[in-house]
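S.K.: I would like the atomic coordinates for the input below:
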Amino acid sequence: MSELSSYQEAVELLQKLGLKEYEAKCFVALSRLPKATAKEISETSDVPRTRVYDAIRVLETKGLVEIQHSNPQQFRSVPIGEAAKTLRAEYESRTESLVDALESMGSASLNADEEVTHEVWALSGESAIGNRLLQLVGDADEEVVLILGREGTVTDELLERLQSARESGVDVLVGTTTGAFHDRIEGALPDAEVFVSELSWLHSSPSDPDDDTAISRLLLVDRDTILVSSVEEDESGSVEYERAVFGKGFTNGIVVIARRLMAMGLNPIDDPKPRDE
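M.R.: I've put the predicted structure just below:
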């Protein structure tokens, strides 16, 4: 990545974290200098000098910039690690405030007796899908069957959630794509049933060699909740985007088929009788 593109990325990310454009540019400029005057910040950041002072005042309020009251005044950014912690704390605080505000208005969610079943919904974004998967695993009462198509989907939080489910008496079955991947998961989840899945089409379509879509996660919870996600990969194998579909209340043949398919690799396949429809 070039210096220019790194600069632009840093400014854009700071804006996403709540800074305005001039504030972000001034902070990035200061992070590249041991200290600087308003004139030097303006020259480095292309922020008009008259606007530098306003931006610095906001950055100081946020705890991101230090000021030396000399003549002329000197400014410097706090260490990058410290700035990251400050921004993270503010972001989390805003998120908590948002949750409190939304909850204070009352939830529009359906209660257990009103929940609609046999509906399929779509969700996009790797982070959002990962969070939904964690929630579904946490809600499990009897069984979790999870096929992991990519090692990148495994996080410490996911392993902790699966281990917690197992400790609460939930049967946890995890399928992987390779032996090395299997050993990693088995070491992290010694009480779970870990196996190498025989779903060879997870990473490619046998009928279409140009298909660059790979199955990322397959989840079946309590034999009535399904989540399936796929990713589009570039030539280097990096994930460009992840999409998922999920639904609840499927107490019918589709779940039997899904579970038997997902359990390919278990020997023998442990397939409890489906619940009464």
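
S.K.: quick one: the residue in the chain sticking out farthest from the centre from residue 37, how far?
M.R.: Computed with Cα atoms, centre = their mean, the residue of the chain farthest from its C-alpha average is residue 71, at 47.1 Å. The spacing between residue 71 and residue 37, counted by Cβ to Cβ, to the nearest Å, is 10 Å. C-beta here means a position set from N, CA and C on the backbone, and glycine is covered the same way.

S.K.: make sure the residue farthest from the centre of the chain is indeed in a strand.
M.R.: No. The assignment for residue 71 (DSSP: H, G, I helix; E, B strand; the rest coil) gives coil, which keeps it out of a strand.

S.K.: average pLDDT across whichever helix in the chain runs longest?
M.R.: The single longest helix within the chain, with elements called by DSSP state H, is helix 80-104. For helix 80-104, mean pLDDT is 90.

S.K.: I'd like the next helix or strand past it.
M.R.: Next helix or strand after helix 80-104 toward the C-terminus (DSSP states H and E): strand 119-124.

S.K.: looking just at contacts, which helices and strands does the next helix or strand along the chain from that following strand meet?
M.R.: Counting by DSSP H and E, the element after strand 119-124 in chain order, helix or strand, is helix 126-138. Helices and strands touching helix 126-138, by 3 or more Cβ pairs under 8 Å, 6 or more residues apart in numbering; DSSP states H and E, are helix 156-167, strand 213-221, strand 225-233, strand 239-248.

S.K.: which one of those is the most hemmed in?
M.R.: Stretch with highest mean neighbour count among the helices and strands packed on helix 126-138: strand 213-221 (a mean of 22; mean count of other Cβ atoms under 10 Å).

S.K.: in this structure, where is pLDDT below threshold?
M.R.: 1-4, 107-118, 199-213, 233-239, 250-257, 259-260, 263-277 (pLDDT under 70).
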